[in-house]
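**Student:** no sequence on this one, just coordinates:
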């Protein structure tokens, strides 16, 4: 490295590093804002399966990365390289033994790391731009018109069968299901109260003009139906 490059390197570090307590507190405040935005995106994507401990991890990770970046930038001279490699070696000892159940969780970890780096180096506009862009892309993907699977639901019916009728041959229920949706599949059937009631579970795609509340009311209007539950398949079990 030539003297000119070294001097430019030192000036860059001096410009990026926090010089006062106000700069440090401001970086941490921006980091918390980043973490809040990331947690909102995570909660929107994971729905009911959003992990409270994982959200806390996102906050901690963003703040820790911010702290590390400020430490690296605050060291002057050749020691900065030694500190950087030392911190990398220390962090490499940490291993995440928790099994990642959703690949998107790994992406949120990287998003938190990038946000912390932006906050720690004072590049706030890059962090806000990155989080905004990622959030908009995920929002568009979640609400894309070609995602027909978003209308796919699980319908669980409890009804009292008539004499000689079985759950999969009940004409009234089958007719009503075909009126509110399509691609109807029988998942399973079981008896309740020693055969007095039958519980049948179907998967179907709701029609565009039908919402879940309307579907429930229509199915309850069928003679013999006593209980109706409609579930989103993605919320029934952890991915």
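**Tutor:** Everything's here; your move. Values in this document were obtained by computation on a predicted structure and should not be read as measured data.

**Student:** low pLDDT regions in the protein?
**Tutor:** Low-confidence segments of the chain (pLDDT under 70): 1-19, 47-48, 75-102, 143-151, 162-170, 195, 233-239.

**Student:** counting contacts, what elements does the top helix by length along the chain pack onto?
**Tutor:** Secondary structure assigned by DSSP state H gives helix 21-46 as the longest helix of the chain. Where contact means 3 or more C-beta pairs under 8 Å, 6 or more residues apart in numbering; DSSP states H and E, helix 21-46 is packed against helix 52-74, helix 103-120, helix 124-142. To be clear about C-beta, it is placed using only N, CA and C from the backbone, and glycine gets the same treatment.

**Student:** quick one: it to helix 52-74, angle?
**Tutor:** 150 degrees (axes from the mean of the first three to the mean of the last three C-alpha atoms, to 10 degrees).

**Student:** Pop the domain breakdown of the chain in here.
**Tutor:** 3-142, 148-236 (automatic domain parsing).

**Student:** who touches residue 201 in this structure?
**Tutor:** Residues counted as contacts of residue 201 (C-beta atoms under 8 Å, 6 or more residues apart in numbering) are 154-157, 186-189.

**Student:** On the three-state scheme, residue 223 is what?
**Tutor:** Residue 223 falls in the coil class when you classify it by DSSP: H, G, I helix; E, B strand; the rest coil.

**Student:** That one touches residue 171, doesn't it?
**Tutor:** No. Assessed by C-beta atoms under 8 Å, residue 223 is found out of contact with residue 171, at 11.0 Å.

**Student:** Now do residue 152 against residue 36, distance only.
**Tutor:** Counting by C-beta to C-beta, to the nearest Å, the separation of residue 152 from residue 36 is 32 Å.

**Student:** Repeat that for residue 217.
**Tutor:** In terms of C-beta to C-beta, residue 217 sits 39 Å off from residue 36.
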